[in-house]
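Novice: Okay, sequence plus prediction incoming.
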Amino acid sequence: MLTPVEVISRILSSRTDLTRETVQEMIRRKKEASGGLLTEEGAAYIVASELGVRLQESGLKTKIMIKDLISGANDVTITGRVLSVNHTRTFTRPDSTEGKVMKVIIADLSGVIGVALWDKNVDVAVQKRISQNQIVRIYHGYVREGLGKELELNVGSRGSVSVSPPDADSNECPMIEDFFVKIGELKGNDQYVNLTGIIAQIFPVSTFDRPGNGGGRVRRINLVDGTGKIRIVLWNDRADSVDAAKKGDCLQILGGRVRSGLRGEKELHVGAYGQVNILSEAPFQTEIPPLTLTRIGELKPNVSDINVLATVTQVGQSREFNRPSGMLGRVIDLTLVDDSGSIRLATWNEQVDSVKSISKGMVVLVEGAYTREGPQGMRLNLGKDGSITVNPKMVGADKLPQIEEEAPQVIQINRLKTGMSGVTVEGEVSAAPDIKEVVTRSGQKVKVASFKMRDQTGEVKVSFWRSLADEVKGLQEGARIRFVNAYSKTGFDGSLELSSGTSSKVERLSEQLKEPSGAK
């Protein structure tokens, strides 16, 4: 590299209209404007380049490396290898003019950074067909913090981009292969991660609401590479880019960011700066680990990413409720059983349509579920991040309990205890039902019918919700009923009571219905 004195001599020999003092002042100002990031040599090279003086050395070299960039730095000139290029996005500014931005990730020997090319620089990048593995040089960029607090190099109206500059030194910009990591090597704060893996599980796209921004889309994929397993979270356009992918396919992830999941586990998120490619051939060989199944009797509260193989014993009715966003939600409950126990599975919103064809006695594989503790005890939940498969062909499915139609086992009222579920009691109505309309915690108005029923051992308050409230309407004192699949809880007055759930039903054993008004 030429010394500053040598650079000044080259400039003066090419630009006889300039004095040594003028060139020295230009170099001083350039160095000062960089905020101390440029060395004397770097500033001299930039001045020579701006004056159109071609130096015989192998090109513009400054001491600035990506690792040295700080937020607030201006007039930054840097060279790097392109790791990924995203599509151009257009937007409307507050003054109604149209803007354009293209996200690019570049790297040098010291690190990786995202680059935002704005407006005219997008046109240059498109015209020059900027692509992965090319070397680019950014002139007069400025550094700011992005939404995730990571540094971002912006190239605006004062800046420019040169694609494949002829004087670039490829030795200072390693090839893209050098920037790939293994899943087992990921750290909790890694940014702009590149890795390749095999799809072990892929879940459908789900949608969500973004206040003031319309809807968004997200897809989750479990990826393995022989060193570990990680959940990939693809956002919006990236979620749609793998519609054709399936279990066993190889994915190349570029520009992912490590984030913490609900339980603190590492996830790799791919958003605006990221890119996902389906490879026709995997660069390595690895086996997809067998699916880890959890027995129902071993389930614990507040655990995510659970897989259960079980038999369906009951299917509830579809219910609607108001979401916090104001949109209408749906839920259907199933009761599942294996050789270790039973549990209620709540299938939410997007999953409702996938379970409508499921009936009692079917074997199901539930993937990506999570547990929560509620008033009725622990419950298994299946939301947008999970899936359910009917009658899967897998080891163990033929050994699950076989469900046969049989009369429910009736329990005496004096044997009831708080927290019991799937309870069946028989008895007489002690008083006519009191039917009210109440507002649930979700803001939904529903009917509830309450009364007491008794058998030879005692008496208990019972509550029938929603459609069951209409079914018990008109019952008189002395009518005999059977309350199937109820659950017991402690009421507001501290006494034990029975309440209906989504799989509950009422059977009339002796009809003593109130006559319609005016009947003779």
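Specialist: Great, that's in hand.
Novice: Which residue is the nearest non-sequential neighbour of Ile435?
Specialist: Computed as CB to CB, 6 or more residues apart in numbering, the closest residue to Ile435 that is not its neighbour in sequence is Ala449, at 4.6 Å. In short, each C-beta sits where N, CA and C put it, glycine included.
Novice: tell me what the host helix or strand of the one you found is packed against?
Specialist: Assigned by DSSP states H and E, Ala449 falls within strand 445-455. Judged by 3 or more CB pairs under 8 Å, 6 or more residues apart in numbering; DSSP states H and E, strand 445-455 is in contact with strand 423-429, strand 434-439, strand 458-465, helix 467-471.
Novice: Generate CSV for the ones you listed, with mean neighbour count, mean pLDDT and distance to Val161 as supplementary columns.
Specialist: What follows is the helices and strands packed on strand 445-455, written out as CSV (neighbours: other CB atoms under 10 Å; pLDDT from 0 to 100; distance: least, CB to CB, whole Å):
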stretch, mean neighbour count, mean pLDDT, distance to Val161
strand 423-429, 20, 92, 71
strand 434-439, 11, 90, 59
strand 458-465, 19, 93, 64
helix 467-471, 17, 89, 65
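Novice: Now render those as CSV, adding distance to Asp339.
Specialist: Shown next, in CSV, are the helices and strands packed on strand 445-455 (distance: least, CB to CB, whole Å):
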stretch, distance to Asp339
strand 423-429, 22
strand 434-439, 40
strand 458-465, 32
helix 467-471, 32
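Novice: wait, doesn't Gln135 sit right on Cys173?
Specialist: One thing to correct before we go on: residue 135 is Ile, not Gln. Yes: the pair Ile135 / Cys173 is scored as a contact, 5.3 Å apart, by CB atoms under 8 Å.
Novice: Overlap in contacts, those two.
Specialist: Common contact partners of Ile135 and Cys173 (CB atoms under 8 Å, 6 or more residues apart in numbering): Thr79, Gly80, Arg81.
Novice: Can you tell me the closest non-neighbouring residue to Lys100?
Specialist: In space, Lys100 is closest to Val122, 4.5 Å off (CB to CB, 6+ apart).
Novice: Could you pull up the residues touching that neighbour?
Specialist: So Val122 contacts Thr88, Lys100, Val101, Met102 (CB under 8 Å, 6+ apart).
Novice: just the buried members of those?
Specialist: Lys100, Val101, Met102 (16 or more other CB atoms under 10 Å).
Novice: could I have stretch 340-352 exported to CSV, CA atoms only?
Specialist: Taking C-alpha atoms only, stretch 340-352 is exported to CSV below (Å, rounded to 0.1, in the frame of the first residue of the first chain):
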residue,chain,number,x,y,z
SER,A,340,-50.6,-44.3,30.7
GLY,A,341,-53.6,-42.1,31.0
SER,A,342,-56.0,-39.6,29.4
ILE,A,343,-56.0,-35.9,28.7
ARG,A,344,-58.2,-33.3,27.0
LEU,A,345,-56.7,-31.8,23.8
ALA,A,346,-58.0,-28.3,22.8
THR,A,347,-57.5,-27.6,19.1
TRP,A,348,-57.5,-23.9,18.4
ASN,A,349,-58.6,-21.8,15.4
GLU,A,350,-56.6,-23.0,12.3
GLN,A,351,-56.6,-26.6,13.7
VAL,A,352,-60.4,-26.8,14.0
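Novice: so how far is that stretch from its chain's centroid?
Specialist: Between the centre of stretch 340-352 and the centre of its host chain there is 20 Å, according to CA atoms, centre = their mean, to the nearest Å.
Novice: if you average pLDDT over that stretch, what comes out?
Specialist: What stretch 340-352 shows for mean pLDDT is 88.
Novice: for stretch 86-100, same thing?
Specialist: Rounded mean pLDDT across stretch 86-100 is 87.
Novice: Can you mark which positions in that stretch are buried?
Specialist: Result for stretch 86-100 [16+ other CB under 10 Å]: buried residues Asn86, Lys100.
Novice: likewise stretch 319-338?
Specialist: Neighbour-count burial for stretch 319-338 [16+ other CB under 10 Å]: Arg319, Phe321, Gly329, Val331, Ile332, Asp333, Leu334, Thr335, Leu336, Val337, Asp338.
Novice: And that stretch, end to end?
Specialist: Using CA to CA, to the nearest Å, the end-to-end distance of stretch 319-338 comes to 26 Å.
Novice: got the contact list for Arg28?
Specialist: Residues counted as contacts of Arg28 (CB under 8 Å, 6+ apart) are Ala43.
Novice: Quick check: the gap between it and Gln456.
Specialist: 103 Å (CB to CB, to the nearest Å).
Novice: same deal with Arg257?
Specialist: 66 Å.
Novice: Who has more neighbours out of those two?
Specialist: Of the pair Arg257 and Gln456, Arg257 is the one with more neighbours under other CB atoms under 10 Å, namely 19 against 9.
Novice: Can you tell me the SS state at that one?
Specialist: With DSSP: H, G, I helix; E, B strand; the rest coil as the basis, Arg257 sits in strand.
Novice: Much appreciated, bye for now.
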